[in-house]
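J.: Below is the sequence, then the predicted model.
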Amino acid sequence: MVEIPESHPRKRSLLSRQKIVEGSLRGLLAESAMIAHGRGEAFDYLLGERTTESAGSAIREAAARLTAANHPVISVNGNTVLLAGKRALRLAAVLGCAVEVNLYYRSPERVNGLLALLEEQRTLVSNGDEPQGFEGDWRKSVMGVTLLGGSPNFRIEGLEGPRSQCTEEGIGSADLILVPLEDGDRCEALVNLGKQVVVIDLNPLSRSSKMATVTIVDEVSRAFEGILSELVTNPNCIPTEWDNASALRESLVEIAEYLESN
Ligand code: ATP
Ligand code: MG
């Protein structure tokens, strides 16, 4: 692995790339994963690689809805596990919800590989520091996070093929799904089933962004971190009537403003 000097101005971005490349070499990602990552990078550049004001509002709304949900679940794909698996697990520990591996191009090898990686990450997170403000037994909460997706026994209605498979315990019975980098079709199908779908996607123009109940236009690690800190600092937040189309328009305005000022 090439050493990236501390002073490199694009260190974070290069480290993320490295994680994706490594994951690919280990057979944990579909071939299109790098394309999805590259598209994300391009949009992050246009956003100034920061959590914008409108993303901040969406993060607060997501935290409120996750708190209010009866049965939330965090759905993860390969890119998410590699870039932000530990953050997803911290969030799941605070919420007391499951993490489900759900792949668009499902293969048993990749699902099992990602579940094994999540297990390793879960142990690391359980031995690490708890989030500031967290009350309770951190180790127990983290080790209590159920990892799902290995044995799908449920089909998402309205979708065909392997991408419709999920678990009944997780996505099948969830009332709210937090899903980074989701595909537009599956997002639409989940919404049609009456579920709330909170999408994290750097592209405000993607179909998933448009279909979601709440879209957080932000990088997945930053978004997870933002939701977590909102949950522990403001545990009594209440959902609002959320106008997702207007929030997406706001993120396009923020891109235009950023480009004008740079
Ligand atoms: P659709 O338009 O149907 O939603 P899509 O073409 O956007 O599909 P993918 O090709 O799977 O679907 O793209 C995944 C999405 O994830 C892209 O829109 C990309 O901007 C976004 N993305 C990639 N990396 C990240 C990341 N690290 N954090 C947040 N979003 C990301
Ligand atoms: Mg998408």
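T.: Looks like it arrived, so ask away. Residues are numbered from 1 along each chain as shown. Ligands and ions are numbered 1, 2, ... in the order given.

J.: list the contacts for the closest residue to ligand 2 within the stretch 101-250 of the chain?
T.: Relative to ligand 2, the nearest point of the stretch 101-250 of the chain is residue 208 (3.5 Å; CB to the ion). Where C-beta positions appear, they are placed from N, C-alpha and C, glycine not excepted. Residues in contact with residue 208, defined by CB atoms under 8 Å, 6 or more residues apart in numbering, are 182-184, 187, 199, 201, 215.

J.: Would you list the phi and psi of it?
T.: Main-chain torsions, residue 208, degrees, to the nearest 10: phi -60, psi -40.

J.: Tell me where the stretch 51-200 of the chain has helices.
T.: 53-68, 78-95, 108-127, 138-143, 184-192 (DSSP state H, counting those that start in this stretch).

J.: Highest mean neighbour count out of those helices?
T.: helix 78-95 (a mean of 24; mean count of other CB atoms under 10 Å).

J.: Tell me if that helix is near ligand 1.
T.: Yes. Contact of helix 78-95 with ligand 1 (CB under 6 Å from any ligand atom) involves 79, 83.

J.: Just the CA trace of that helix, in CSV.
T.: The C-alpha trace of helix 78-95 is given here as CSV (Å, rounded to 0.1, in the frame of the first residue of the first chain):
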residue,chain,number,x,y,z
GLY,A,78,-19.9,-2.9,0.0
ASN,A,79,-18.8,0.7,-0.4
THR,A,80,-20.5,1.7,2.8
VAL,A,81,-18.9,-1.2,4.8
LEU,A,82,-15.5,-0.3,3.5
LEU,A,83,-15.8,3.5,3.9
ALA,A,84,-18.0,3.7,7.0
GLY,A,85,-18.7,0.3,8.5
LYS,A,86,-17.6,1.2,11.9
ARG,A,87,-19.6,4.4,11.9
ALA,A,88,-22.7,2.4,10.8
LEU,A,89,-22.1,0.0,13.8
ARG,A,90,-21.7,2.9,16.3
LEU,A,91,-25.0,4.3,15.0
ALA,A,92,-26.8,1.0,15.2
ALA,A,93,-25.5,0.5,18.8
VAL,A,94,-27.0,3.8,19.8
LEU,A,95,-30.3,3.1,18.1
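
J.: what residues are up against the most centrally placed residue in the chain?
T.: In the chain, the centroid-proximal residue (CA atoms, centre = their mean) is residue 180; its distance is 3.1 Å. Counting by CB under 8 Å, 6+ apart, residue 180 makes contact with 76-77, 79-80, 84, 199-201, 220, 223.

J.: beta partners of it?
T.: For residue 180, the beta-bridge partners are residue 200 (DSSP bridges).

J.: Just the pLDDT for it.
T.: Note on residue 180: pLDDT of 96.

J.: repeat for residue 133
T.: Listed pLDDT for residue 133 reads 89.

J.: any idea how far residue 3 is from the nearest residue to it once chain neighbours are set aside?
T.: Spatial nearest neighbour of residue 133, excluding adjacent residues (CB to CB, 6 or more residues apart in numbering): residue 232 at 3.7 Å. Distance from residue 232 to residue 3, counting by CB to CB, to the nearest Å: 35 Å.

J.: ok, residue 259 - contacts?
T.: residue 46.

J.: got the contact list for stretch 236-251?
T.: Here stretch 236-251 has contacts from 47, 52-55, 57-58, 60-61, 63-65, 67-68, 204, 209-210, 212-215, 217, 230, using CB under 8 Å, 6+ apart.

J.: typo on my end, it should be stretch 147-165
T.: Residues contacting stretch 147-165 (CB under 8 Å, 6+ apart): 73, 98-106, 111-112, 114-115, 118-119, 122, 166-172, 183, 185-186, 188-190, 192-193.

J.: Which positions in that stretch come out as buried?
T.: Buried residues in stretch 147-165, counted by 16 or more other CB atoms under 10 Å: 147-149, 152, 156, 159, 163-165.

J.: Next, give me the two most distant ones among those.
T.: 147 and 159 (22.7 Å; CB to CB).

J.: Setting aside sequence neighbours, what's the nearest residue to residue 227?
T.: Per CB to CB, 6+ apart, closest to residue 227 is residue 63, 5.1 Å.

J.: That neighbour contacts residue 233, correct?
T.: No. Using CB atoms under 8 Å, residue 63 makes no contact with residue 233, being 9.6 Å away.
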